[in-house]
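J.: From the sequence below, what's the structure:
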Amino acid sequence: MKKLFGRYRGLPREIYILFVARIINSIGAFVFPLMTLIMTEKLGYTSDYAGLLMTILALTQVPAMLIGGKLSDHFGRKKLIIIFEILGASFFLLCGLLPISDATIYLIIAASNMYAFAHPAMDAMAIDLTNTANRKEAFSLLYMGFNLGFAIGPMIGGLLFAKHLPFVFIGDALTTMASIVLIIIFVRETMPHKEDAKARPELERRQEGSVLRVLWNRKILVVFALVMMVMQFAYHQWSFALPQQMNAVFSDGAKQYGLLASYNGALVIILTPLITTMISKWKALRGTFVGGIMYAISFGMLIFLKDLPWFYVSMFFLTFGEVIVVIDAQAFIANFSPSSHRARLNSVTQMISGTGRMLSPLIIGQVIASYSLSTAWAVVSIAAMSGSVILIGIMKNRKIDQQVRRIGDTVEEAETVTEREAEDTV
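T.: Okay, the predicted model is just below:
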């Protein structure tokens, strides 16, 4: 245990503050896990129409993320996070105070867009605070913080859903505001100055020009984002098709889905330190490849499942893959991003990968309506496997392998410095 959790020692103080803020925020993450059920059960929408609305929600986030990334790189991370997170929480608060209606969906979309403005700044802040040596550990800790709260949040949301829906929105808003208070008080502005950026590794050094020019020189980021688009297409079905399947199989589907989502969060807490230790020396992309295989197994199982215990087995494979993909993918993108374009590159790569999340409910909603849930899970499983197959070709690219080796050399140098700093702190 000391070895597992010792990896998180010596990180920047602000990373620990962000860790606590994510716990608080995700404890109140009631709305998004229940979005499908709000539309189908409370508003009476069909599966395909709910899928269309989920796609519209994701589509409207694209310009918000792109603008948010540009603003963050020019004006700072902290300001963007505070302004837009508070605005998003305010829209959720309105959802809780007003009667449930079609207008609720418009308010949810507005809240989602506010959070999308802040998202690139959040990611860029975490990258600013870390280096190639401690980045996987930092991202791992932040992800674990999210899931510490998420292990509780959906379970509470599932219990509130039937008779106390307004508290789902109000609780989400209040926990978001509480997390922002921590950032206001304890986290400094992290946007790198020109002189600070010179000390970064070659691939992270400041560059002039537009984000398109930077991407032209780092085409691997575009290719990787396209692979992540396929992965996101598959992964997003755990919040769209899975609650529908739970509702079809069990009389208390919303409650069972909430418990399953909480199990996912608890598993992340248990598996994250183990997986972080396991993949700490892996070459870039190997983790994402393994994660895609886990997705394919998990979703393939759902074609046949009717008994509750097997849903938990399937969720284990999904969670294992999820943890590896999140840590490995975030570190890969960060290590290839110049300090001058971090938020913009994050917004662009997430826009590309998010296209899979955007199209997923639309396409799978049509598959469910025209065929069946079993057919939908077959499509999703094949998509996840295809993403892993593409990664094999990327990993065998000689030029990419050379760049990964250069990052590995930088990691070894930075680890020495990090260990000295940790000893000094102790």
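
J.: Buried residues, stretch 323-337. List them.
T.: Neighbour counts over stretch 323-337 (16 or more other Cβ atoms under 10 Å) mark 323-337 as buried. For the C-beta atoms, the positions are set from N, CA and C on the backbone; glycine is no exception.

J.: again, but for stretch 270-285
T.: Using 16+ other Cβ under 10 Å as the burial criterion, the residues of stretch 270-285 that qualify are 271-273, 275-277, 279, 284-285.

J.: In helices, which of those residues appear?
T.: Among the buried residues of stretch 270-285, the members found in helices (DSSP state H) are 271-273, 275-277, 279.

J.: Tabulate these (JSON lines), appending distance to residue 391 and pLDDT.
T.: Supplementary listing: these in JSON lines, determined by distance: Cβ to Cβ, whole Å; pLDDT from 0 to 100:
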{"residue": "271", "distance to residue 391": "21", "pLDDT": "88"}
{"residue": "272", "distance to residue 391": "22", "pLDDT": "86"}
{"residue": "273", "distance to residue 391": "25", "pLDDT": "87"}
{"residue": "275", "distance to residue 391": "17", "pLDDT": "87"}
{"residue": "276", "distance to residue 391": "20", "pLDDT": "85"}
{"residue": "277", "distance to residue 391": "22", "pLDDT": "84"}
{"residue": "279", "distance to residue 391": "14", "pLDDT": "80"}
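
J.: Now tabulate those residues in CSV and tack on distance to residue 125.
T.: Below are those laid out as CSV (distance: Cβ to Cβ, whole Å):
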residue, distance to residue 125
271, 25
272, 20
273, 23
275, 23
276, 20
277, 25
279, 23
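
J.: quick one: which of the residues you listed is nearest to residue 32?
T.: residue 272 (20.7 Å; Cβ to Cβ).

J.: what's the closest non-adjacent residue to that closest one?
T.: Excluding the flanking residues, the one nearest residue 272 by Cβ to Cβ, 6 or more residues apart in numbering is residue 144, at 4.3 Å.

J.: mind listing what the one you found touches?
T.: By Cβ atoms under 8 Å, 6 or more residues apart in numbering, the residues touching residue 144 are 19, 268-269, 272-273.

J.: cool, and residue 337?
T.: Taking Cβ under 8 Å, 6+ apart, one finds 127, 203-204, 221, 345-346 in contact with residue 337.

J.: Just the ones in helices from those residues, please.
T.: Using DSSP H, the subset of the contacts of residue 337 located in helices is 127, 221, 345-346.

J.: Pull the most distant pair out of these.
T.: Using Cβ to Cβ, the pair of the ones in helices among the contacts of residue 337 lying farthest apart is 127 and 221, separated by 13.6 Å.

J.: Please compute how far the helix or strand hosting residue 144 lies from its chain's middle.
T.: Assigned by DSSP states H and E, residue 144 belongs to helix 135-150. Distance, stretch centre to chain centre, for helix 135-150: 10 Å (Cα atoms, centre = their mean, to the nearest Å).

J.: for the helix or strand harbouring residue 216, packing partners?
T.: Using DSSP H and E, residue 216 maps to helix 211-217. Here helix 211-217 touches helix 342-370, going by 3 or more Cβ pairs under 8 Å, 6 or more residues apart in numbering; DSSP states H and E.
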